[in-house]
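Undergrad: below are the sequence and a predicted model; questions follow.
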Number of protein chains: 2
Amino acid sequence: MGLVVQKYGGSSVADAEGIKRVAKRIVEAKQNGNQVVAVVSAMGDTTDELIDLAEQVSPMPAGRELDMLLTAGERISMALLAMAIKKLGHEAQSFTGSQAGVITDSVHNKARIIDVTPGRIKTSVDEGNIAIVAGFQGVSQDTKDITTLGRGGSDTTAVALAAALDADVCEIYTDVDGVFTADPRVVKKARKIDWISFEDMLELAASGSKVLLHRCVEYARRYNIPIHVRSSFSGLQGTWVSSEPKQGAKQVEQALISGVAHDTSEAKVTVVGVPDKPGEAASIFRTIADAEINIDMVVQNVSAAATGLTDISFTLPKTEGRKAIDALEKNKAGIGFDSLRYDDQIGKISLVGAGMKTNPGVTADFFTALSDAGVNIELISTSEIRISVVTRADDVPEAVRAVHSAFGLDSDSDEAVVYGGTGR
Amino acid sequence: MGLVVQKYGGSSVADAEGIKRVAKRIVEAKQNGNQVVAVVSAMGDTTDELIDLAEQVSPMPAGRELDMLLTAGERISMALLAMAIKKLGHEAQSFTGSQAGVITDSVHNKARIIDVTPGRIKTSVDEGNIAIVAGFQGVSQDTKDITTLGRGGSDTTAVALAAALDADVCEIYTDVDGVFTADPRVVKKARKIDWISFEDMLELAASGSKVLLHRCVEYARRYNIPIHVRSSFSGLQGTWVSSEPKQGAKQVEQALISGVAHDTSEAKVTVVGVPDKPGEAASIFRTIADAEINIDMVVQNVSAAATGLTDISFTLPKTEGRKAIDALEKNKAGIGFDSLRYDDQIGKISLVGAGMKTNPGVTADFFTALSDAGVNIELISTSEIRISVVTRADDVPEAVRAVHSAFGLDSDSDEAVVYGGTGR
């Protein structure tokens, strides 16, 4: 008998029918001989509706009170889910984040989990109950106030509970069949990945893949909790994310390339006419950091010898663009530059796979594929297991398809491209 | 500087506008130099909507989970109210029943408060905050589960907090101007009562007056907390309910008669042909009690000497009628009676006032007024400070108006009727 932590998102429990369907699936896991803890998000659009209400009352609602308000959403879905399970003849108890022992810091609206003390959950499942836990919420260690975990919070709740309960697996139920080699809306021939390592999944998440958030994968890797991402609408096996392919399961050979991710949520800022001397870049990025803006890629152009001036470009979330420009303009005299250029019509394409570490040919093939597709590259950034390029936003779909196909990831390919032995 | 506990019902906070209006009123109390604790119910129809959702999922939702579900309602209203107050430039913090220290027994859906430990509320108001507290909810002492207090629970929360905080007054805000000498929908000339004793208010509440529930008044009397019932829509003084008329305030002379209450929610059961011998009544009412049915008035008719049989009638809530008839039919052989009659077309009219204790004329005048109005009396029951009669339901409005007028309670009367000295 194992212990399974499951997580169901808002789209899976959008209405009474959805809640009944999820209840059946939870009961199946129990009937298969497992202890089951199910983490649940707020129903469908509840959170957005509550935010609307808050804005009607106050344009800038206080963080503490906004958290109190939003946590009402999971309270509704988790109580209804427990009722639906009991109707199926199984015992169930719902627990708030606080009752489940999800202890956080005091940063309202984006609190971080600092401890999980799941004593009540443990007792509940040991007594034979199915435990339903509110995702996305906790209680602050210092003030005992209710907190929320911010974006992707319910996934993180599930992984954190799985770690604290030493669960066998954390199943993340969603509205897609798993993690794909590319976004299936862009690449029709994208394939579901059966298994992917934590490291590759982290790079995909950082590069724009939205199925799992970086934060949740990071937590799972730290505590070595296998994640199984799967659909709440089908009974199919999804994608396993873990340190090693699951023993006993169908032996999965790790592809050298895991997938292609893309991201069109970023913009590019170019600082034009910067004196090419030590300390210049530092003063630019100090300014950005002081404004609490996270940047992604950075490139410094080769200096034009005649002028002694250079350009520095970086990318950042579009939502932070205005703030970055304002901060730089304010420090223009101190930094010393000619002008700023802002471009929000860019896109990023990333190729991720542990295989590229030992295969220098990957980078060349990546650029060849883009070139053959007529895609111009504006910026390049690499890690040991990832290559990312910035292109025009309009070029992104074609670029993703070209790369996906070039690396043999298309579903009608016989085999993924294998480097190494073949000498290619 | 005083400490004021205020309570706002669901109709006062039905939408964003209502919440802003209530926020202004709370801030006024704070600006008048008071520490303020505001207890709030769920917005408008929220509770009914949540019950609807529960019924879609399960026809008989478990008590524990229904309480978890319903408490989401106050969570929403209290967080929004705190935001609205902060928008007005004052500090506010919202607290759940559990955070406010409302400790209850474990009877879900109708828990009773067994202790209030308002340490966090005290700290919050001492720090200069306005504390907003969820009404209607608490946490069970034994299981630490979330509970709800059932009907009138928010009023009880407010009174209990006022007692625990040693507040100067508990203000119950509602959609009427206070407690009236009769239901203003029935008696156009009904007058608002400026002051009424706990005892008279208890009798009015037990006799059908709906402004304050019996349970809340009882709690206030036990801890001697003055209640001020007033409108959240006007700035008018409402009705004070306390042990003594407020000192320093306009000297209020206690009327001998406080008011006329009526109730058409009861039905009458007559057990026909009961042997007139010891133990018969006991076996009837043992049967009713075993079915957990509360009865109100009881009358045994004079025995018809020729047959040695008598009839016994009692009244009970209409909602319990079916259960009572079933229980009696089941025990028909054991009890020994001819037949049952069930009548749900009855009404009860009650005259309440401490004055009648020492004025035997009141009863006679009451019957004369009813007789003059052509109203037939079916049952009579009295306490030291109340007379109640059962009539046809159709006669109730006319009977209430007649009695109200006969005792000088009409708003165009010069003076309430005074007994005693005048020898009348």
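TA: Sure, I can see it. Numbering: from 1, shown residues only, chains lettered A, B, ... in the order given.
Undergrad: tell me the secondary structure for the residue nearest to A:Val352 when sequence neighbours are not counted?
TA: For A:Val352, ignoring the flanking residues on the chain, the nearest one in space by CB to CB, 6 or more residues apart in numbering or on different chains is A:Glu203 at 4.3 Å. For every residue, glycine as well, the C-beta is placed using N, CA and C. With DSSP: H, G, I helix; E, B strand; the rest coil as the basis, A:Glu203 sits in helix.
Undergrad: A:Glu203: neighbour count?
TA: A:Glu203 has 27 neighbours, counted by other CB atoms under 10 Å in any protein chain shown.
Undergrad: and it, how far from chain B?
TA: 39 Å (CB to the nearest CB, to the nearest Å).
Undergrad: check A:Glu320 too.
TA: For A:Glu320, the distance to chain B - CB to the nearest CB - is 26 Å.
Undergrad: neighbours around the nearest residue to that residue once chain neighbours are set aside, how many?
TA: Using CB to CB, 6+ apart and skipping residues adjacent in sequence, the residue nearest A:Glu320 is A:Ile293, 4.6 Å away. The number of residues packed near A:Ile293 is 19, by other CB under 10 Å.
Undergrad: quickly find the element holding A:Arg215.
TA: In the assignment (DSSP states H and E), A:Arg215 maps to helix A:214-223.
Undergrad: elements contacting that helix?
TA: helix A:153-164, helix A:198-206, strand A:227-231 (3 or more CB pairs under 8 Å, 6 or more residues apart in numbering or on different chains; DSSP states H and E).
Undergrad: same thing but 10 Å
TA: helix A:153-164, strand A:169-174, helix A:198-206, strand A:227-231, strand A:239-242 (3 or more CB pairs under 10 Å, 6 or more residues apart in numbering or on different chains; DSSP states H and E).
Undergrad: average pLDDT across the third one?
TA: In this case it means helix A:198-206. Across helix A:198-206, pLDDT averages out at 93.
Undergrad: who does that helix touch, helix- and strand-wise?
TA: strand A:195-197, helix A:214-223, strand A:227-231, strand A:239-242, strand A:259-263, strand A:346-352, strand A:379-383, strand A:386-392.
Undergrad: how about it as CSV, C-alpha atoms only?
TA: Extracted in CSV, the C-alpha atoms of helix A:198-206 (Å, rounded to 0.1, in the frame of the first residue of the first chain):
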residue,chain,number,x,y,z
PHE,A,198,14.0,17.0,-13.1
GLU,A,199,16.9,19.0,-14.7
ASP,A,200,15.4,19.0,-18.2
MET,A,201,12.0,19.8,-16.8
LEU,A,202,13.4,22.8,-14.9
GLU,A,203,14.9,24.1,-18.1
LEU,A,204,11.7,23.6,-20.0
ALA,A,205,9.7,25.4,-17.3
ALA,A,206,12.2,28.3,-17.3
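Undergrad: now the end-to-end length of stretch A:213-232.
TA: Terminal residues of stretch A:213-232 are spaced 18 Å apart (CA to CA, to the nearest Å).
Undergrad: residue contacts, the residue nearest the centre of chain A?
TA: Centroid-nearest residue in chain A: A:Leu213, 1.6 Å away (criterion: CA atoms, centre = their mean). For A:Leu213, the contact set (CB atoms under 10 Å, 6 or more residues apart in numbering or on different chains) comprises A:150-153, A:155-156, A:205-206, A:219.
Undergrad: confirm A:Arg64 sits in a helix?
TA: Yes: A:Arg64: assigned to a helix according to three-state DSSP.
Undergrad: next, count neighbours for A:Gln345.
TA: A:Gln345 has 10 nearby residues by other CB under 10 Å.
Undergrad: tell me which residues touch it, please.
TA: A:264, A:267-268, A:392-394.
Undergrad: starting at the chain centroid, how far to the helix or strand containing A:Leu81?
TA: Taking DSSP H and E as the criterion, A:Leu81 maps to helix A:63-87. Taking the mean of its C-alpha atoms, helix A:63-87 sits 23 Å from the chain's own mean (CA atoms, centre = their mean, to the nearest Å).
Undergrad: measure the closest residue to A:Asp290 other than its chain neighbours to chain B for me?
TA: What sits nearest to A:Asp290 in space, not counting adjacent residues and going by CB to CB, 6+ apart, is A:Ala327, at 7.2 Å. Per CB to the nearest CB, A:Ala327 is found 28 Å from chain B.
Undergrad: hang on, A:Ala327 packs against A:Ala291?
TA: Yes: using CB atoms under 10 Å, A:Ala327 is in contact with A:Ala291, at 4.1 Å.
Undergrad: could you measure A:Ile225 against B:Val13, distance?
TA: Per CB to CB, to the nearest Å, A:Ile225 is found 43 Å from B:Val13.
Undergrad: more neighbours, the two?
TA: The neighbour count for A:Ile225 versus B:Val13, taken as other CB under 10 Å, is higher for B:Val13 (30 against 26).
Undergrad: who touches that one in this structure?
TA: B:19-23, B:40-44, B:46, B:74, B:76-78, B:80-81, B:84, B:173, B:232.
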